Each structure stands twice: as structure tokens, then as C-alpha cells.
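S.K.: what's the 3D shape of this:
(chains A, B, C and D)
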2 protein chains.
Amino acid sequence: MSFDKSQSAGFLANQMARLFARSLQTRIAPLGLAPAQFMTLLALWEADGLTQKQLVERLDVEQATMANTLARMERDGLIVRRTHAADARAQCIYLTPRAIGMRGDATQAASMVNAIAMKGLSPQEAQQFLKLMTRVIGALKAGDDED
Amino acid sequence: MSFDKSQSAGFLANQMARLFARSLQTRIAPLGLAPAQFMTLLALWEADGLTQKQLVERLDVEQATMANTLARMERDGLIVRRTHAADARAQCIYLTPRAIGMRGDATQAASMVNAIAMKGLSPQEAQQFLKLMTRVIGALKAGDDED
DNA sequence: AGCAATTGAATAGCATGCTATTCAAAATGG
DNA sequence: CCATTTTGAATAGCATGCTATTCAATTGCT
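M.R.: A predicted model of the protein is given here:
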């Protein structure tokens, strides 16, 4: 009957993710950025001109979620959309100069958050933590298909 | 300049938490429960009659978030509120029989999700994973006060 | 007692996420 | 070449979370 929250991976994962998001949010808000926008910019800084579909695949969120995030980013002058040359259904997403210029400050803020989070861990522990999270992510993705 | 998402603790934490939530959601939706409601029930199954303030402390969410969650739970017939006997500002939250009866099924569903997530980890790895998350949570809480 | 500061909740407003639905454009197969 | 299916996006509707604000009840202090 007892279900101890502080021993539940799911409960801890939720709490941890909220703390990460909050910490990042306070650090990038001055740039005019929100966390999901930053995550999207990460993909576009690497490869400008991606379609919405490609962003969905790379960032692993639902299509509707990405559509909403992109709408806010367009509203905020971070991206522009152009119809795909070969497929009128698709659109290519391009960064504005403003978004391109944010890269240094924004990634530095995100690195800072990660550094704070891992401050108490040794380099080995930090590495293992990343590996464990990656394996748990894989298990959750696999587990939901089967059952 | 490169910032690798799949090596970023914050990015992985976000993805992992979304997968946990989604997995839990599909398993408790048949009971008429949503994840945040389940989390709130966990606290109330342990101690019925808590005030909103006490729930906020135990679950570590903002007061406004809890107020909204409780409003939905009241709407769904999971809780009832009674004005606190000694403080007319506060209200005590009580479970309905329906919510009390859900305990077994709901905690079993949550345990199943945790089991699926940790399936690929040895017991030692699973334990360490919980410890690492707890330490990271502590670091994030501490880090944001200072800086 | 009486006024100021504190405190428990509710509300407003917004960002993320998800599922389900819808629509138009493309691809496929007869 | 046309009808069916598939596919890229947008939209509707909802749950969580957060910050900021507001309001009433309580506490504290004088």
C-alpha cells in the first residue's frame, strides 16, 4: 500500500525536470526566450531551414506541440517560414538574425544550469547520470510500445 | 559553440519526465485520473484532511498550481473541502469514497511505470539512479537561491 | 482595541504538452 | 487520369506549471 514518492523514479523525474526548466527559464527570459523555444533553436542553430516535421523528429515532441511553439516563435520574431519548394504542404523554418545572434548567450545559460545541477557530482557520476537517464528514456520508449 | 542535446542533463530530464508522465497517464486515465491528481492523492492517502498549504509543501509545487489541481479534483468528485475549524482562510481537503477506493489500482499502475522505466537497470543501478536524481534536485534547489 | 503586516487561497495570464480532428497537398494504384 | 490513401500542418480542447496579483482572515504590535 505504501508508495513512497521520494523513492519513485517518476516522481523524482517530474520534480527534477521542473527545477531544470525553472532554472533555465529565469536565465534565458532576459533574452526574450522560453525553454521550449530554446530547445527548438538548438536544432535550428545546427541546421537552419528544417521543416516542422524534421523538428518534431529531432526534438521528440508531438506535432501539435511544435506547431504551437513555432507560432510563438514567429510571433516573437525568432523565425520566419517559407513554403517548401517541392512540397506545398510543408514549410521551411528559418532563423531571423535576432535568433542567430542569441546562440552564444543562450547556450552559455543552458550550460550554466547543467553545471549547477551537476555541481555535487563527480565527473564520473555525472557521466553515469547521463547514461542512466538515456537508458531509462530508451526503456520507457520501448515499454510503451509493447504493453 | 556546440551544445549537444543528448549530453545535456536538462534536455534528458525534460524528455524523461514527459515519457514518465505519458506512460502514467495512459495507465491511470481508465480510472478517471490524471498524473497531477494521482500525485495529490498520494499525499492525501497518507494523510487525509490536509490543507492546501500542506499539500503544496509536501508535493513541492506552487500554490496556484495546487489550487487549480484541487479545483479539477473537486469537479471530478475526488475531494471535498471543508473550512478549517480554527482558521476561516484555510480549508481542509478530504477524499471522497471514490478516491479512497482508487488507491490500490492507482499505486499499482504507478509502480508498473517505474518498473518499466528501470527494467534495463540492475537493482544497484536503479538505487543509484534514485540517489543521483535526489542529489541533482538538491543542487538545483540550492543553486537557484545563491546565484 | 486598532492598525499594519502576514498568510491562505483564488484568479488572471501565459507557456508547454498531449490527444483528436480537420484540411489541403502529394503520392499511389488501378 | 482519377479515386483512395497518406502525410504536413493547423486547430480545438484540456491538464500542468509558473509568476503576479488580489482579497479576506489572522497575527502582531502598540
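S.K.: which stretches of chain A form strands?
M.R.: Counting by DSSP state E, one finds strands in chain A at the ranges A:79-83, A:91-95.
S.K.: now do the contacts for the residue in chain A positioned nearest to DNA strand C.
M.R.: Here the residue of chain A nearest DNA strand C is residue A:34; by Cβ to the nearest atom of the strand that distance is 2.5 Å. No exception for glycine: its C-beta is placed from N, CA and C like everyone else's. Residues in contact with residue A:34 (Cβ atoms under 8 Å, 6 or more residues apart in numbering or on different chains) are A:25, A:28, A:72.
S.K.: out of those, who's nearest residue B:100?
M.R.: residue A:25 (37.2 Å; Cβ to Cβ).
S.K.: ok, the closest one to residue B:53 distance?
M.R.: From residue A:25 over to residue B:53 the distance is 25 Å, taken as Cβ to Cβ, to the nearest Å.
S.K.: about what we covered before: who wins on neighbours among the contacts of residue A:34?
M.R.: For these, neighbours were counted using other Cβ atoms under 10 Å in any protein chain shown, and residue A:28 has the most, 23 neighbours in all.
S.K.: quick one: pLDDT of that residue?
M.R.: For residue A:28, the model assigns a pLDDT of 96.
S.K.: quick one, what contacts it?
M.R.: A:34, A:35, A:38, A:106, A:109, A:110.
S.K.: next, count neighbours for the last one.
M.R.: Just to be clear, that refers to residue A:110. Neighbours of residue A:110 using other Cβ under 10 Å come to 24.
S.K.: just the one 4 residues further on next, same as before
M.R.: Using other Cβ under 10 Å as the criterion, residue A:114 is surrounded by 23 other residues.
S.K.: and it, what's its pLDDT?
M.R.: Value for residue A:114, per-residue pLDDT: 96.
S.K.: that one: what's it in contact with?
M.R.: Counting by Cβ under 8 Å, 6+ apart, residue A:114 has contacts B:8, B:9, B:10.
S.K.: which residue, other than its chain neighbours, is closest to the residue nearest the centre of chain A?
M.R.: Residue closest to the mean C-alpha point of chain A, counted by Cα atoms, centre = their mean, is residue A:39 at 3.5 Å. Among residues not flanking residue A:39 along the chain, residue A:59 sits closest, at 5.9 Å (Cβ to Cβ, 6 or more residues apart in numbering or on different chains).
S.K.: then residue A:143?
M.R.: Residue A:143's closest residue in space is residue B:116 (Cβ to Cβ, 6+ apart), at 3.7 Å.
S.K.: hang on, that neighbour packs against residue A:139?
M.R.: Yes. With contacts counted by Cβ atoms under 8 Å, residue B:116 reaches residue A:139, the gap being 6.3 Å.
S.K.: show me which of the two is the more surrounded one.
M.R.: Ranked by neighbour count (other Cβ under 10 Å), residue B:116 and residue A:139 place residue B:116 first, with 21 against 18.
S.K.: close to DNA strand C: what parts of chain A are there?
M.R.: A:34-37, A:39, A:61-65, A:68-69, A:72, A:87-89 (Cβ under 7 Å from any atom of the strand).
S.K.: and residue A:47, what are its phi and psi?
M.R.: Dihedral angles of residue A:47 (phi, psi; degrees, to the nearest 10) stand at phi -150, psi 90.
S.K.: which ones are touching residue A:143?
M.R.: Listed by Cβ under 8 Å, 6+ apart, the contact partners of residue A:143 are B:23, B:116, B:117, B:119.
S.K.: for chain A, what spans make up the helices?
M.R.: For chain A, applying DSSP state H gives helices covering A:9-28, A:35-46, A:52-59, A:63-75, A:97-101, A:103-117, A:123-146.
S.K.: pLDDT on the last one, on average?
M.R.: What it means is helix A:123-146. 91.
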